[in-house]
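Student: Fold the following.
(one chain, ligands or ions: 1)
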Amino acid sequence: MASRIAVGIAGTGSYVPERVVKNAFFERLVDTSDEWIVQRTGIEERRFAADDQATSDLALEASKRALEAAGVKPEELDLIVLGTLTPDYLLPSTACLVQDRLGATHAGAFDVNAACTGFLTALHTGEAFIAAGRARRVLVIGAEKLTSFVDFTDRSSCVIFGDAAGAAVLTPLDECGQGEILRTTLGADGKGYDFIHMPGGGSRKPPTQETLEKREHFIRMRGRDVFRFAVTYMGEMVREMTEGYSPDEIALVVPHQVNKRIIEAALERLDIPPEKVVVNIEKYGNSSAATVPLALDEAVRAGRIEKGKLVVLVAFGAGLTWGGTLIRW
Ligand code: UT7
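Tutor: Numbers count the residues shown, from 1 in each chain. This is a model prediction of the structure:
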């Protein structure tokens with residue numbers, strides 16, 4: 001077997017829509033309060049995309065910024081992999097729309113649907129292509145316009161979601177000299193498919209007047225079940241990714257921004273100090289596949305990651321799915 005090519009992260013980028021929506025917005029829609037939302041989730045505000053913006057528009061902006069940071073031109077890309085649960089269309093893929101608008105004329109493009117684990121799934125796919133010598137430059141994206149699929153009459157779910165996008169450009173490590181991807185893992189358990197799902201609109205229940213009236217084309221969530229699953233798997237992923245390394249080597253943990261209480265509960269058990277954990281849920285809410293690349297990009301641009309130190313990415317979500325990545329920055 002040919003030897004594996006080491007893969008690095010050449011650059012990151014992110015984008016959030018301009019419209020800031022405070023918790024008070026939901027007090028007018030459902031029986032909730034700013035106090036409840038802050039206490040139970042840590043969210044103070046989130047971003048909503050404009051009516052004329054779709055997931056590909058958010059993805060495009062984040063991608064341009066990642067390419068610029070990496071010093072890679074769109075026509076140099078071999079592959080684009082985009083993680084989303086909120087594609088512009090069921091057909092074709094959102095990655096193809098981004099490919100066209102970037103002018104990535106030599107790139108293949110496809111979407112992956114692993115919900116909140118979407119970015120890590122895209123990242124691991126891109127890493128595998130480069131490691132196997134099947135591609136040299138890969139753009140990986142996590143992007144969501146969740147507000148198109150949120151049921152604004154359901155107080156337990158509508159308050160947590162926001163719109164955003166994040167991206168990263170992967171190249172062989174000998175080309176970019178940073179961000180070596182050391183470990184990756186992905187897992188799934190479809191028995192929990194209905195913890196977070198959209199019952200209508202797919203091939204099992206194509207859209208009809210009835211599915212619309214029953215609001216089955218919106219996200220449904222068993223929040224408490226997700227809570228328990230998330231605390232367990234976030235801890236497991238961090239433990240698996242960091243096994244064999246000393247705690248001093250870990251610069252940052254970048255977790256899926258699911259709920260501040262979930263992040264705190266999981267990391268408390270692992271004895272990771274809060275200053276090593278990236279939390280920005282108070283500003284952006286939960287933007288599913290976009291949370292990890294957005295938080296990573298913010299940390300990179302804020303200079304929070306010392307070269308040579310370790311960064312752990314962890315995510316989990318609908319499917320159920322989960323994943324972890326270990327990077328030496
Ligand atoms: O990224 C993957 C997708 N994300 C998730 O699935 C989120 C994971 N879950 C969570 O973040 C939390 O479970 C929630 C934020 C969704 C809910 O928080 P919780 O602390 O687990 O609340 P709960 O579901 O146990 O509900 C407690 C009470 C209930 O009232 P009763 O039955 O005790 O009278 C809910 O009806 O809080 C009520 N409640 C609300 N009250 C005010 C639920 N949502 C709201 C709300 N405002 N927005």
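Student: Check the gap between Val278 and the ligand for me.
Tutor: Spatial separation of Val278 from the ligand under the definition CB to the nearest ligand atom, to the nearest Å is 16 Å. Backbone N, C-alpha and C define where each C-beta goes, glycine included.
Student: I misspoke; the intended subject was Glu35.
Tutor: In this structure, Glu35 lies at 9 Å from the ligand, with CB to the nearest ligand atom as the measure.
Student: Next, the contact list for Glu236, please.
Tutor: Shown here is Glu236, whose contacts under the criterion CB atoms under 8 Å, 6 or more residues apart in numbering are Trp322.
Student: Report pLDDT for it.
Tutor: What the model reports as pLDDT for Glu236 is 90.
Student: gap between it and the ligand?
Tutor: Plainly put, Glu236 is 16 Å away from the ligand if you go by CB to the nearest ligand atom.
Student: That residue: what secondary structure?
Tutor: Under DSSP: H, G, I helix; E, B strand; the rest coil, the three-state class of Glu236 is helix.
Student: now do Leu182
Tutor: Leu182 - assigned by three-state DSSP - is strand.
Student: contacting residues around it?
Tutor: Contact criterion CB under 8 Å, 6+ apart gives Leu310, Leu326, Ile327, Arg328 as the residues in contact with Leu182.
Student: And for Glu68?
Tutor: Gly11, Gly13.
Student: Got phi/psi on it?
Tutor: Its backbone dihedrals place Glu68 at phi -60, psi -50, with angles given as degrees, to the nearest 10.
Student: Tell me how far it lies from Ala62.
Tutor: If you measure Glu68 against Ala62 using CB to CB, to the nearest Å, the figure is 11 Å.
Student: Residues that sit against both of these two, list them.
Tutor: With CB under 8 Å, 6+ apart as the test, Glu68 and Ala62 both reach Gly13.
Student: which ones are touching the residue most central in space within the chain?
Tutor: With distances taken as CA atoms, centre = their mean, the residue of the chain nearest its centroid is Ala289 (2.5 Å). Ala289 sits next to 83-85, 114-119, 122, 142-144 when contact means CB under 8 Å, 6+ apart.
Student: Val7: which of those residues is nearest?
Tutor: The shortest gap between Val7 and any of those belongs to Ala122, at 13.3 Å (CB to CB).
Student: so which helix or strand takes in that closest one?
Tutor: helix 118-131 (DSSP states H and E).
Student: So is that helix next to the ligand?
Tutor: No. No part of helix 118-131 sits near the ligand under the criterion CB under 6 Å from any ligand atom; the closest distance found is 10.7 Å.
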